[in-house]
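**Student:** I'll drop the sequence and a predicted model, then ask my questions.
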Amino acid sequence: MKKFDLFAAVNLLLFLVLCVFRYYARFIEYRGIEHIEEFFIYAGVILFGILILWTVFRHYTIDPVVLIFLQVGIVMHFCGAFVLIDGGRLYDASLLGMRYDKYVHFVNAFAATALVARLFQIQHIPLTRVNRLFVLLVVLGLGAVIEIVEYVVVLTVPRNGVGGYDNNMQDLIANLCGAAAYLMIGATLARGARLFERNRAPALGATLAPVPLDAGAAGAMRED
């Protein structure tokens, strides 16, 4: 079994188990049975997202580090729904003056950027400055799809739990920061690797260069 097949299967199983044993009851507790259609919309979108990711990326070799980034983002999302802080959900708590869900957006955008960048590398597309900008725009577009789903919830579910325009913009800004952070770190590491190789090449050449002989030593060698 490929790594990404295992990754998708584990997270699909994890999501279904949590839905049956925890997520459904917790949603009813905090939102009420009258809003249950909102639960099914989000559950359907998550399942669809897992299947799409599996279909697209199962044919490629994905670095374990990228899968770890994705797993951290997924676990943070589930913790936001299930972990209680002062009698409320972690998702509703603020850390350092910022709501927890913004950190989830940041980490997931960071992981999504790593995945898209890896896809570029697999397709032998160099990550030039222009292509890094394109990766950033792709990730922002994926984040915008999530906000569109929330807008559909606003239109179809009365008294839903979706925040207003300000909340949506904060989500997109968190996505921007997460994607930009990955690209800046990646560019910095790539630049450092190039400088290391550039400095290493002359030093290695000097080490392997033949040592010149003085005239006396050369004459002695000819006499021998």
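**Tutor:** Nice, I can see it.
**Student:** Of all residues in the chain, which one is nearest the centre?
**Tutor:** Geometric centre of the chain, nearest residue: A111, 0.6 Å, by CA atoms, centre = their mean.
**Student:** residues touching the closest residue in space to it that isn't next to it in sequence, list them.
**Tutor:** Closest residue to A111 apart from its sequence neighbours, by CB to CB, 6 or more residues apart in numbering: F69 at 3.7 Å. The C-beta positions use only the backbone N, C-alpha and C, and glycine is treated the same way. When contacts are counted by CB atoms under 8 Å, 6 or more residues apart in numbering, F69 is found next to V107, F110, A111, A114, L115.
**Student:** Which secondary structure element is home to F69?
**Tutor:** For F69, the element it lies in under DSSP states H and E is helix 64-82.
**Student:** Now do the following helix or strand past that helix: everything it contacts.
**Tutor:** As assigned by DSSP H and E, the chain's next helix or strand after helix 64-82 is strand 84-85. Strand 84-85 is contacted from outside by L90, D92, A93, using CB under 8 Å, 6+ apart.
**Student:** these two touch, right, the first one and F78?
**Tutor:** It stands for L90. No. The criterion here is CB atoms under 8 Å, and L90 misses it with F78 at 9.9 Å.
**Student:** Between the two, which has more neighbouring residues?
**Tutor:** L90 (20 against 17; other CB atoms under 10 Å).
**Student:** Give me the pLDDT for the residue nearest to F78 when sequence neighbours are not counted.
**Tutor:** Spatial nearest neighbour of F78, chain neighbours left out: L18 (6.2 Å); criterion: CB to CB, 6+ apart. L18 carries a pLDDT value of 73.
**Student:** same thing with P202?
**Tutor:** pLDDT, P202: 63.
**Student:** ok, now D166?
**Tutor:** For D166, pLDDT reads 84.
**Student:** thinking again about what came up before, any idea which helix or strand carries the residue nearest to F78?
**Tutor:** With DSSP H and E as the test, L18 turns up in helix 3-18.
**Student:** Enumerate the positions of that helix that are buried.
**Tutor:** Neighbour-count burial for helix 3-18, counted by 16 or more other CB atoms under 10 Å, picks out F4, F7, A8, N11, F15.
**Student:** Phi, psi for R89 please.
**Tutor:** phi -70, psi 150 (degrees, to the nearest 10).
**Student:** Report all helices and strands that the host helix or strand of L189 contacts.
**Tutor:** Using DSSP H and E, L189 maps to helix 165-208. When contacts are defined as 3 or more CB pairs under 8 Å, 6 or more residues apart in numbering; DSSP states H and E, helix 165-208 packs onto helix 100-122, helix 129-156.
**Student:** Can you flag the weakest of those helices by average pLDDT?
**Tutor:** helix 129-156 (a mean of 89).
**Student:** so Y60, which of the three states?
**Tutor:** Three-state call for Y60 (DSSP: H, G, I helix; E, B strand; the rest coil): coil.
**Student:** Now do the phi/psi pair for it.
**Tutor:** Per-residue torsions, Y60: phi -110, psi 160 (degrees, to the nearest 10).
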